[in-house]
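> Test case, fold it:
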Amino acid sequence: MPTISLSLTLLFNQRIDDLGGNWQYAAANAVDATGRTAQLIATKRENQNCNHSFPVSMLTATVIFAPGAAGGVAENLTLQGVHDLQTNDESGSVSAASPEFAAFIGGPFSFDAAKGALTISTPG
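Sure, this is the predicted structure:
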């Protein structure tokens, strides 16, 4: 099964409160074993909303690879899943992708926060 393995370095993680609860916005630089670089942008709905707490928060993240040709749209993968509030680990699946990564749509991903390692696999 093909996989993408990325090492992430956190750039920022900022909490924003609003009337409905709170959000976290995060970004990271990423690199794979071949040296290919990417950036990750994530939005997480945190664990409280209208006085109700949850053990995980919902997560949407996009991995954006460096654009190939001048003026071209960057290749990308969109990840959706959950962020565990105790471990900071994340898991879910690929919900959308640019043509280069279309085979990954529906495949699982996992993020090991202690190692800073993001692994994305094709379905099956």
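> Starting from the one helix or strand T119 maps to, tell me which strands it pairs with and how they run.
Under the criterion of DSSP states H and E, T119 resides in strand 117-121. Take DSSP bridges as the rule and strand 117-121 pairs in its sheet with strand 3-18 (antiparallel), strand 108-112 (antiparallel).
> Adding distance to E100 and mean pLDDT, write the ones you listed out as JSON lines.
For the C-beta atoms, the positions are set from N, CA and C on the backbone; glycine is no exception. Shown next, in JSON lines, are the strands paired with strand 117-121 (distance: least, Cβ to Cβ, whole Å; pLDDT from 0 to 100):
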{"stretch": "strand 3-18", "distance to E100": "11", "mean pLDDT": "91"}
{"stretch": "strand 108-112", "distance to E100": "16", "mean pLDDT": "98"}
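> out of these, deepest packed?
strand 108-112 (a mean of 20; mean count of other Cβ atoms under 10 Å).
> Let me know which of the strands paired with strand 117-121 is the nearest to D89.
For D89, the closest of these is strand 108-112, at 6.1 Å, according to Cβ to Cβ.
> List the buried residues in stretch 31-49.
Buried residues in stretch 31-49, counted by 16 or more other Cβ atoms under 10 Å: 38-40, 42, 44-46.
> now, which of those residues lie within strands?
Those of the buried residues of stretch 31-49 mapping onto strands are 38-40, 42, 44-45, per DSSP state E.
> Can you tell me which of these is nearest I64?
For those, the nearest to I64 is Q39 (5.1 Å; Cβ to Cβ).
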